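*Asks:* I need the structure of the sequence given here:
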Amino acid sequence: MLAVAAADAADDVRATDLTILDVADLLVFADVFLLATTASDRQLKAAAERVEQRLRTHDRRPQQREGTPESGWVLLDYGDLICHLFSEDQREFYGLDRLWADVPRRDASSGEPLAPNVPVGAAGRSSHDRGLGR
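*Replies:* Here you go, the predicted model:
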């Protein structure tokens, strides 16, 4: 549910392509990755700040923070959850969606497992894209 809270926070600032990857069976250092795309440095900064703010309400602070909005990539490491916040170019460059294409995905708004045949990106729309915007 922490990943859903982080996705919701990123969605608040209109981050897109929100994707939760369930990597628990493959990695010992994290259970889930949250991937999100932003359209500008300013939006990337806002998304990172909003995620940190929201997860503080769950008594969580990042163990580590990497990258900068100017670099197009910010990583927030919460141990069991790792948030990868990208510019569009950097998300394409790093290709985590392709690298982890075979791992189970979870719905970004509910945390429920998605059917294995859901195409990459289909689960990654923001609630604004789905017409659920606030």
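
*Asks:* for Asp89, which non-adjacent residue is closest in space?
*Replies:* Spatial nearest neighbour of Asp89, chain neighbours left out: Gly72 (6.0 Å); criterion: C-beta to C-beta, 6 or more residues apart in numbering. Every C-beta, even on glycine, is put in place using the N, C-alpha and C of the backbone.

*Asks:* skipping adjacent residues, who's closest to Arg91 in space?
*Replies:* Arg91 sits nearest to Thr37 (C-beta to C-beta, 6+ apart), 5.0 Å away.

*Asks:* please save the CA atoms from the helix or strand that that neighbour is a member of in CSV.
*Replies:* Using DSSP states H and E, the element containing Thr37 is strand 32-38. Below are the C-alpha coordinates for strand 32-38, written out as CSV (Å, rounded to 0.1, in the frame of the first residue of the first chain):
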residue,chain,number,x,y,z
VAL,A,32,8.2,-3.1,-5.4
PHE,A,33,9.4,-0.4,-7.8
LEU,A,34,7.2,2.6,-8.6
LEU,A,35,8.0,4.1,-12.1
ALA,A,36,6.6,7.6,-13.0
THR,A,37,7.1,10.0,-15.8
THR,A,38,7.2,13.8,-15.7
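
*Asks:* the following helix or strand past it vs strand 32-38, what angle?
*Replies:* The first helix or strand that comes after strand 32-38 along the chain, using DSSP H and E, is helix 41-56. Here the directions of helix 41-56 and strand 32-38 differ by 150 degrees (axes from the mean of the first three to the mean of the last three C-alpha atoms, to 10 degrees).

*Asks:* OK, contacts around Cys91?
*Replies:* That one is not Cys; residue 91 is Arg. Asp17, Leu35, Thr37, Asp97 (C-beta atoms under 8 Å, 6 or more residues apart in numbering).
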